[in-house]
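S.K.: fold the following and give me the result.
(2 chains)
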Amino acid sequence: MKSWLSGTLLAAVTVLAGTARAADVETLRQSGPAADRFNIAVLGDGYRAEDQAQLKADAQGIIEYLFSLTPLAQYAAFFNVKLVHVVSNENGADNGSYGAMRDTALDSYFNCDGIDRLLCMDDGKAAVAAAQDVPEYNFAIVIVNDPKYGGSGGTVCVSSANEQSFEVLAHEIGHSLAQLADEYSYEGNQPPCDPQQDCQEANATLRTTLEQIKWHDWIEDGTPLPTPATAPYASVTGLFEGARYTPTGIYRPQLNCKMRDLGADYCSVCTEQFVRSIWTSDNIKMIETSMPAAPDVQSATCDAIELSVTSPPIVPSTYRYTWTVDGTVQPETTRAISLQPGALQQGEHQVAVRVEDATSLVRTDLDNDLKDQTSWTVAVAKDDCPVPAGGAGGMGGVAGTSAAGASGAGVAGMGGAAGAGGAGGVGDTGSSAGSVTTAGAASGMAGGSSSGADAPHGNPPPRETAGCGCALPGEASPRGVAGLLVLLGVALGRVRRERTGRRQGRGARVANRRR
Amino acid sequence: MLGARIWTAVALTMACSAALSGCSGKTEHGGSGASSDSTPVQQPAAAPANPQPTRAEPARHLLMVVELEPATHAARTLTARSVELPLPRRRGTARQGPWRVDVLDASGAVLFSTPLEDAATVRGEFADAQGRLSGVTAQKRVAAVTLRLPWLDGASEVRVVRVSNGADSELGRVAYPVVAP
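M.R.: All right, here's what the predicted structure looks like:
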């Protein structure tokens, strides 16, 4: 039994004494605050002081490679990466290219458990180094400065500085981050899948009937089940026998996949699971900020009420936003909405937004990992705010469809005095004075381009002032019968235009979905 | 950034709990250095839901690295510090883990639990010339777990257990750090 077992108190003192050692830390990827990102610590072992530039090059190489892979490429902004410049006295690892005994900071060694290429280290030293220098870390990778091919996976992924080892590391991350099963066969003692519950992993199944296969959404009609492991099916998602270390009786989704063959991509089903796992990783929030932050919003003036959310960037963006006011779906499809107090009417209103990652990489989301929502209670105090042109409509047009910048015409309306439908919202400079005849559809497009905030992010969209539907400074508010008549005329004139705008908007949305 | 890094104001008074078997790290209930790691864990009648941190600054959490020798239930704290960030949280359904960490009060009641990965198992996966993979697994005699825990009033010990159907087994326990005044 090791001497450290003699007492916890003594060990603690030793730990405190050891904390003075700190290493240089370098940021390789900074995507956001540590509290909102999945934080990876990369450590080097067997890199002497004079090897630190090589460590950086190796670390950058492996990080660039990992984040070139789908889906990590699309979700790269969900991750921060820091490099800890751990300095060793000697290069290499025990039993590696440079000799049997090497004096390295993390005590890396090949021939772990008698297996030549199995590269292990002192896990405690690695964890302490990461905890000391990257205390926010959620996952650690250790690169060992030895050209001998080898590595290991577990709570820490270890790779030698060998390009083929980097490829193995990508495979290991499939286990560690996405809980994927191995799809190859070998003589191991992996616990069998539960016949009742099926295999736990997303990419392995015992089932052979379509409806019971967990990835059935990916299987095209006519695909034979099980699927022959032949060339015509090389890129098809089906049911291929052999997975989870077993050549028969357990099935995988595709013929080739990084969880089976190095050099292959992650298959569609593994990619899907990876995306779901990213969304359920430590610290990741689909709605990072809400503006206003408080759930209760008081509106004491006739100024437009601006609401918005932010989410971590996906490139290209696959977010879809659905806004509702008192349960009625609004036309806005971006991360911001502008509400007119006059359209809402006096009293409390429930405003909600549902955010969805509509990525085509995921077809099955049984746990709703790719959806989230938030809401506000908006209290409108004034009862004399001008009703936006078109009666109580005018809630549309904030952003239009984000990608196309089209639609956004005030299609929803809130049902109000004039009841003539919305007349465009933000971007429609004509509604307040009741005398400008800017077409709702056209102004909706303008709103789409100005506040269409689907695209990356970070900051809330700028508050729109022009065309908010309320009276602008220096402009007259429509009052009295004359004003109402003008409003009515404008509104009626717009109805036809807005119908056209709606059709355009709908077309744009369909196009977006297809994309 | 080079140079010494000042650790947070958490001085770790790692008191040797009376519940430990002579501070050997052995399980409270049996074990006695036997090679088996299947010592039953005494479960509280009902484990409470994980509480929110009760200290003044909830945007902090405790980071510990604990070294374990599952076969002997020996455990020691390698480092412990306060991190000025909220306890990491995950969206979605709760995950299960082959291991679990419990924070206990002086009476043995569970104040907090969260799943852990099996830190003793390492995988080795190697490709042939064609890129075809084969794999091995190995068990490490000594494992290290990184624990992120809330700062909890009344916490006394940290226990790591292996989860199995019906009878969890303790892998080791250490004292819960105390914040210095």
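
S.K.: drop to CA atoms for contacts and neighbour counts, all remaining ones
M.R.: Will do.

S.K.: which SS state does the residue of the stretch 351-500 of chain A found nearest chain B fall under?
M.R.: Going by CA to the nearest CA, chain B is nearest to residue A:369 of the stretch 351-500 of chain A, at 5.7 Å. Classification of residue A:369 using DSSP: H, G, I helix; E, B strand; the rest coil returns coil.

S.K.: so it sits against residue A:363, correct?
M.R.: No. Contact between residue A:369 and residue A:363 fails when scored by CA atoms under 8 Å: they sit 11.8 Å apart.

S.K.: which one's more surrounded, these two?
M.R.: residue A:369 (20 against 15; other CA atoms under 10 Å in any protein chain shown).

S.K.: what's the nearest residue to that one if we skip its chain neighbours?
M.R.: residue B:92 (5.7 Å; CA to CA, 6 or more residues apart in numbering or on different chains).

S.K.: tally of neighbours for that neighbour?
M.R.: 16.

S.K.: pretty sure it sits against residue A:282.
M.R.: No. Residue B:92 is not in contact with residue A:282 according to CA under 8 Å; the separation is 10.6 Å.

S.K.: can you confirm residue A:35 is in a helix?
M.R.: Yes. Assessed by three-state DSSP, residue A:35 belongs to a helix.

S.K.: so what's the residue nearest to residue A:369 up against?
M.R.: A:280, A:367, A:368, A:369 (CA atoms under 8 Å, 6 or more residues apart in numbering or on different chains).

S.K.: where in chain B is pLDDT low?
M.R.: Along chain B, segments meeting pLDDT under 70 span B:1-58, B:166, B:179-181.

S.K.: at 90 instead, please
M.R.: Scanning chain B for pLDDT under 90 picks out B:1-59, B:90-97, B:123-137, B:164-167, B:178-181.

S.K.: one step back: got the contact list for the residue of the stretch 351-500 of chain A closest to chain B?
M.R.: A:276, A:279, A:280, B:91, B:92.

S.K.: pick out the most distant pair among these.
M.R.: A:276 and B:91 (10.2 Å; CA to CA).

S.K.: now do the strands in chain B.
M.R.: Listed in chain order, the strands of chain B (DSSP state E) span B:61-69, B:74-83, B:99-105, B:110-116, B:121-127, B:133-139, B:143-149, B:155-162, B:169-175.

S.K.: which of those sits most buried?
M.R.: strand B:169-175 (a mean of 29; mean count of other CA atoms under 10 Å in any protein chain shown).

S.K.: quick one: it to strand B:74-83, angle?
M.R.: In terms of direction (axes from the mean of the first three to the mean of the last three CA atoms, to 10 degrees), strand B:169-175 departs from strand B:74-83 by 50 degrees.

S.K.: what is strand B:169-175 packed up against?
M.R.: strand B:61-69, strand B:74-83, strand B:155-162 (3 or more CA pairs under 8 Å, 6 or more residues apart in numbering or on different chains; DSSP states H and E).

S.K.: reformat those strands as JSON lines; add distance to residue A:23.
M.R.: Below are the helices and strands packed on strand B:169-175 laid out as JSON lines (distance: least, CA to CA, whole Å):
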{"stretch": "strand B:61-69", "distance to residue A:23": "18"}
{"stretch": "strand B:74-83", "distance to residue A:23": "16"}
{"stretch": "strand B:155-162", "distance to residue A:23": "28"}
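
S.K.: residue A:180 and chain B, how far apart?
M.R.: 13 Å (CA to the nearest CA, to the nearest Å).

S.K.: likewise for residue A:37?
M.R.: 10 Å.

S.K.: what's the neighbour count on residue B:71?
M.R.: 17.

S.K.: re earlier: I'd like the contacts of residue B:92 written out as TSV, with pLDDT added.
M.R.: TSV is the format used below for the contacts of residue B:92 (pLDDT from 0 to 100):
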residue	pLDDT
A:280	94
A:367	92
A:368	94
A:369	95
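
S.K.: buried ones among those residues?
M.R.: A:280, A:369 (16 or more other CA atoms under 10 Å in any protein chain shown).

S.K.: what comes up buried for stretch A:101-117?
M.R.: Quick answer for stretch A:101-117 (16+ other CA under 10 Å): A:102, A:103, A:104, A:105, A:106, A:107, A:108, A:109, A:110, A:112, A:117.

S.K.: off-centre distance for stretch A:205-224?
M.R.: Averaging C-alpha positions (CA atoms, centre = their mean, to the nearest Å) puts stretch A:205-224 27 Å from its chain's average.

S.K.: can you get me the start-to-end distance on that stretch?
M.R.: 16 Å (CA to CA, to the nearest Å).

S.K.: what about it, average pLDDT?
M.R.: For stretch A:205-224, mean pLDDT rounds to 96.

S.K.: can you check stretch A:374-393 too?
M.R.: 82.

S.K.: that one close to chain B?
M.R.: No. Stretch A:374-393 stays clear of chain B (CA under 8 Å from any CA of the partner chain), getting no nearer than 14.2 Å.

S.K.: got it, and stretch A:73-82?
M.R.: No. Judged by CA under 8 Å from any CA, stretch A:73-82 stays clear of chain B, getting no closer than 11.5 Å.

S.K.: let's test this: mean pLDDT of that stretch, rounded?
M.R.: 98.

S.K.: which parts of the stretch 201-350 of chain A sit against chain B?
M.R.: A:260, A:261, A:262, A:263, A:279, A:280, A:281, A:282, A:283, A:284, A:285.

S.K.: for the residues you listed, which one is nearest residue A:73?
M.R.: Nearest to residue A:73 among those, with distances taken as CA to CA, is residue A:279, at 14.3 Å.

S.K.: is that closest one in contact with residue A:273, as I believe?
M.R.: No. Contact status for residue A:279 versus residue A:273: not in contact, 9.9 Å apart, counting by CA under 8 Å.

S.K.: comparing these two, which shows the higher neighbour count?
M.R.: Neighbour count, other CA under 10 Å: between residue A:279 and residue A:273, residue A:273 has more, with 25 against 22.

S.K.: what's the helix or strand where that one lies packed up against?
M.R.: Under the criterion of DSSP states H and E, residue A:273 resides in helix A:268-279. Here helix A:268-279 touches helix A:163-178, going by 3+ CA pairs under 8 Å, 6+ apart.

S.K.: helices or strands up against the helix it packs on?
M.R.: Using 3+ CA pairs under 8 Å, 6+ apart, helix A:163-178 is in contact with strand A:151-152, strand A:156-160, helix A:268-279, strand B:121-127.

S.K.: swap in 6 Å and give it another go.
M.R.: Helix A:163-178 sits against no helix or strand, with contacts defined as 3 or more CA pairs under 6 Å, 6 or more residues apart in numbering or on different chains; DSSP states H and E.

S.K.: circling back: pLDDT on the helix holding residue A:273, on average?
M.R.: On average, helix A:268-279 scores 96.

S.K.: give me the contact list for the helix or strand just after that helix.
M.R.: Counting by DSSP H and E, the next helix or strand C-terminal to helix A:268-279 is strand A:289-291. Contacting residues not belonging to strand A:289-291 are listed as A:307, A:308, A:309, A:310 [CA atoms under 6 Å, 6 or more residues apart in numbering or on different chains].

S.K.: in space, what's closest to the second one - neighbours in sequence excluded?
M.R.: With CA to CA, 6+ apart as the criterion, residue A:308 has its nearest non-adjacent residue at 4.1 Å, and that residue is residue A:336.

S.K.: the one you found: neighbour count?
M.R.: 27.

S.K.: now the one 10 residues further on
M.R.: Residues contacting residue A:346 under the criterion other CA under 10 Å number 17.

S.K.: correct me if wrong: it contacts residue A:380.
M.R.: Yes. Using CA atoms under 6 Å, residue A:346 is in contact with residue A:380, at 4.9 Å.

S.K.: re the thing from before, angle of the helix holding residue A:273 against helix A:163-178?
M.R.: 60 degrees.

S.K.: now helix A:268-279, how far from the chain's geometric center?
M.R.: Worked out by CA atoms, centre = their mean, helix A:268-279 lies 11 Å from the chain centre.
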